[in-house]
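# Sharing a sequence plus its predicted fold:
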Amino acid sequence: METINLESIFEAKLAKNEMIEPKDWMPDNYRKHLIRQISQHAHSEIVGMLPEGNWITRAPSLRSKIVLLAKVQDEGGHGLYLYTAAESLGTSRDEMLDALHTGKAKYSSIFNYPTLTWADVAAIGWLVDGAAIMNQVMLQRSSYGPYSRAMIRICKEESFHQRQGYEAMTTMAFGSAEQKQMAQDALNRFWFPTLMMFGPPDSESPNSDNAVKWKIKRETNDELRQRFVNQTMPQIEYLGLQIPTNSNIKWNEERQQYDFSEPNWAEFKNVIHGNGPCNKERLKARNEAHKNGEWVREAATAYAKHQNEKNIAA
Amino acid sequence: MNHYKYILRLADNGLINSQRLTEWTGHGPFLEEDLALTNIALDILGRSKLLLEYAAKIDNTGKTEDTLAYHRGERDFFNTKLVEQPNGDYAQTIIKQVMVDYFDLLHYTELQKSKDETLAGIAAKSVKEITYHYRHTSNWVLRFGLGTEESNQRAQTALDELWRFSGELFYTDETEQWAIEQGIAVNVNLFKDKWTKTITSLFAEANLKLPENTFMQSGGKNGLHTEHLGYILAEMQSLARAFPMQKW
């Protein structure tokens, strides 16, 4: 009987758009769904430091180096808030990291693509952060309190990153012929991986239904993808770039929206299953950092323990 | 010329120091520490950018902070050899950084009194940051020295490797002498004893021993570097040099 009551309280809160807080009762599946989603999101931030971090030591001006370094640092900070939000649901950082390092946990597939030129860093800011914001703006109203609050903070910084990326893209698109070519190439390569970030088509999305019902997510993958294309196409035109190769973006007068080609979903599945161009490199980098840091963490723990013992003795 | 070279020495020390530190970004021993070290790198890089802007202005031949950072060769960089040393393991990074941080703390504290108002202003802004950097790195020296047997050994190996570069921090010549006489530069030898006393007692507290061989390397401040600097510049300057004269 009590379970039914708790469940109806939970449902009633959702119906009134009230937040669910860590100490509130929640269905197991809701909890599981959130742990999976938030920890994946945290992992994406941490793994996401790598492709952009790839250019920090080669950034072509001091200003761009500072901007990039601060951005990559912000991503680490986002990872930190999100791990904390996930911990409030009863999982631990070690468990989550273990899942990442063994390849059990997923992270955004976009970070399994390489950053081959400096323009890729700009394209990530413009397109990838742009797509991320579209997902995340909705998550600010997510029903789980700590997640929603983390997202409010993250969104502010992401919008800033997106503007910086677009600005860097603008500099290149209006720069020399070589820079414009570099910008076009980055747009071509990052377009479809960015569209994939919204997840599989609604007809094939296994986790979407519950997420929408529980108000963790408030729009479907396809709705968000369409919004992203509508928002981005005028920017491509402003930059004077060609539409990305094979994207077939075209205004549809009747729908009052852009039509566009779907990404190659077989490639998406392949990347998700570990066969993207950089999956192995990203996991290797995370595993190595963690392994090389082991003695450092042990030293910090041992030192803190000695200090405690000393304090107690005194 | 002396004024310009003096500022470049300060700027290059920061630029090369931060370039090395940023190699850790995304690869730190744990997330919080990754963020902290990146923050230190950002502060130092920001300071170096201000100094390079100022050096370009003093030079007055149309250079910018970026031409100075990206279009000078190995022999024209005037950083100390200490900051160009490889990161090694985290103990090596920390041992290097703690020596730099404490030196910078004393140095920039004094530099606030410079007759050169620009340098005094940059120093005033930097002292708060460096105070935090030194607190952070000196805490790690204690954690490593007194933490586990392994961490103590690693810190000891790092100290044995790096101590020979510490003397150059206090190297002075006519460039610096001139700037000291003008009231622009800090006479670093005024705080050499203080630095040595504090740093050696920190190492002693951490159960670390100074190496017996105390011969000190130098040359960096006059453009005679270790072989590492060439590779640092090759990486740092590659894109800027491939597309010279372009805006980014």
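Sure, I can see it.

# which residues in the stretch 201-314 of chain A form strands?
A:250-252, A:257-259 (DSSP state E, counting those that start in this stretch).

# So for A:Gln73, which of the ones you listed sits nearest?
strand A:257-259 (35.0 Å; Cβ to Cβ). C-beta: built from backbone N, CA, C; applies to glycine.

# C-alpha coordinates for the helix or strand of chain B with the lowest mean pLDDT, CSV please?
Counting by mean pLDDT, DSSP states H and E, chain B has its least confident helix or strand at helix B:174-181, which shows a mean of 93. Output of helix B:174-181 as CSV, limited to C-alpha atoms (Å, rounded to 0.1, in the frame of the first residue of the first chain):
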residue,chain,number,x,y,z
GLU,B,174,74.9,43.5,-16.7
THR,B,175,71.4,43.4,-18.2
GLU,B,176,69.9,43.0,-14.8
GLN,B,177,72.4,45.1,-13.0
TRP,B,178,71.4,48.0,-15.3
ALA,B,179,67.8,47.5,-14.7
ILE,B,180,68.4,47.3,-10.9
GLU,B,181,70.3,50.6,-10.9
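
# Please save the CA atoms from the helix or strand following it in PDB.
As assigned by DSSP states H and E, the chain's next helix or strand after helix B:174-181 is helix B:192-205. Coordinates of each C-alpha in helix B:192-205 appear next as PDB, following Å, rounded to 0.1, in the frame of the first residue of the first chain:
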ATOM      1  CA  LYS B 192      68.400  34.500  -2.200                       C
ATOM      2  CA  ASP B 193      69.100  33.500   1.400                       C
ATOM      3  CA  LYS B 194      65.400  33.700   2.200                       C
ATOM      4  CA  TRP B 195      64.500  31.500  -0.700                       C
ATOM      5  CA  THR B 196      67.200  29.000   0.000                       C
ATOM      6  CA  LYS B 197      66.300  28.800   3.700                       C
ATOM      7  CA  THR B 198      62.600  28.400   3.100                       C
ATOM      8  CA  ILE B 199      62.800  25.900   0.300                       C
ATOM      9  CA  THR B 200      65.500  23.800   2.000                       C
ATOM     10  CA  SER B 201      63.500  23.700   5.200                       C
ATOM     11  CA  LEU B 202      60.300  22.700   3.200                       C
ATOM     12  CA  PHE B 203      62.300  19.900   1.700                       C
ATOM     13  CA  ALA B 204      63.700  18.900   5.100                       C
ATOM     14  CA  GLU B 205      60.200  18.900   6.600                       C
END
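
# sorry, back to before: most tightly packed of the strands of the stretch 201-314 of chain A?
strand A:257-259 (a mean of 16; mean count of other Cβ atoms under 10 Å in any protein chain shown).

# In its sheet, which strands sit next to that one, and in what direction?
Strand A:257-259 sits in its sheet next to strand A:250-252 (antiparallel), going by DSSP bridges.

# now what about the strand it pairs with, what contacts it?
Outside strand A:250-252, the residues within contact range by Cβ atoms under 8 Å, 6 or more residues apart in numbering or on different chains are A:Tyr258, A:Asp259, A:Phe260.

# do the same with stretch B:127-139
With Cβ under 8 Å, 6+ apart, stretch B:127-139 has contacts from B:36, B:40, B:43-44, B:47, B:94, B:97-98, B:101-102, B:104-105, B:108-109, B:112, B:202.

# okay, and the helix or strand of chain A with the least pLDDT?
Lowest-scoring helix/strand for chain A, mean pLDDT, DSSP H and E: helix A:208-213, at a mean of 74.

# and the closest residue in space to A:Glu157 that isn't next to it in sequence, how many residues sit next to it?
Closest residue to A:Glu157 apart from its sequence neighbours, by Cβ to Cβ, 6 or more residues apart in numbering or on different chains: A:Asp74 at 5.0 Å. Neighbour count for A:Asp74, taken as other Cβ atoms under 10 Å in any protein chain shown: 19.

# Does A:Asp74 touch A:Lys156 like I think?
No: taking Cβ atoms under 8 Å as the contact criterion, A:Asp74 and A:Lys156 are not neighbours in contact, 10.1 Å apart.

# Now tabulate the contacts of strand A:250-252 in a markdown table and tack on distance to A:Asn311 and pLDDT.
Converted to a markdown table, the contacts of strand A:250-252 look like this (distance: Cβ to Cβ, whole Å; pLDDT from 0 to 100):
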| residue | distance to A:Asn311 | pLDDT |
| --- | --- | --- |
| A:Tyr258 | 64 | 98 |
| A:Asp259 | 68 | 98 |
| A:Phe260 | 63 | 98 |
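
# Doesn't A:Met138 belong to a helix?
Yes: under DSSP: H, G, I helix; E, B strand; the rest coil, A:Met138 sits within a helix.

# and it, what does it touch?
A:Lys217, A:Arg218, A:Glu219, A:Leu224.

# can you check A:Val72 too?
Going by Cβ under 8 Å, 6+ apart, A:Val72 touches A:Met49, A:Glu52, A:Gly53, A:Ile56, B:Thr25, B:Gly26, B:Thr38.

# Name the nearest residue to the fourth one, sequence neighbours excluded.
Just to be clear, that refers to A:Ile56. A:Ile56's closest residue in space is B:Thr22 (Cβ to Cβ, 6+ apart), at 4.9 Å.

# Any idea how many residues pack against the one you found?
When neighbours are counted by other Cβ under 10 Å, B:Thr22 comes out with 24.

# Please enumerate the helices of chain B.
Counting by DSSP state H, the segments of chain B that form helices are B:2-22, B:31-59, B:65-70, B:81-84, B:90-111, B:117-146, B:149-162, B:174-181, B:192-205, B:228-242.

# export those helices to CSV and tack on distance to A:Met134?
Compiled in CSV, the helices of chain B are given as follows (distance: least, Cβ to Cβ, whole Å):
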stretch, distance to A:Met134
helix B:2-22, 30
helix B:31-59, 26
helix B:65-70, 35
helix B:81-84, 43
helix B:90-111, 38
helix B:117-146, 36
helix B:149-162, 45
helix B:174-181, 54
helix B:192-205, 50
helix B:228-242, 30
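
# Contacts only, for the residue most central in space within chain A.
The centre of chain A sits closest to A:Ser44, judged by Cα atoms, centre = their mean, with a distance of 5.0 Å. If you count contacts by Cβ under 8 Å, 6+ apart, A:Ser44 has them with A:Tyr107, A:Ser108, A:Phe111.

# give me the element it is part of.
With DSSP H and E as the test, A:Ser44 turns up in helix A:28-53.

# how many degrees apart are that helix and helix B:31-59 in direction?
Here helix A:28-53 points in a direction 30 degrees away from that of helix B:31-59 (axes from the mean of the first three to the mean of the last three Cα atoms, to 10 degrees).

# Tell me where the stretch 1-150 of chain A is predicted with low confidence.
For the stretch 1-150 of chain A, the stretches flagged by pLDDT under 70 are A:1-4.

# Residue numbers of it in contact with chain B?
Contact residues (Cβ under 8 Å from any Cβ of the partner chain) of the stretch 1-150 of chain A with chain B: A:46, A:49-50, A:53, A:56-66, A:69-70, A:72-73, A:76-77, A:79-80, A:83, A:118.

# out of those, which are buried?
With neighbours counted using 16 or more other Cβ atoms under 10 Å in any protein chain shown, the residues of the stretch 1-150 of chain A next to chain B contain these buried positions: A:46, A:49-50, A:53, A:56-62, A:64-66, A:69-70, A:72-73, A:76-77, A:79-80, A:83, A:118.
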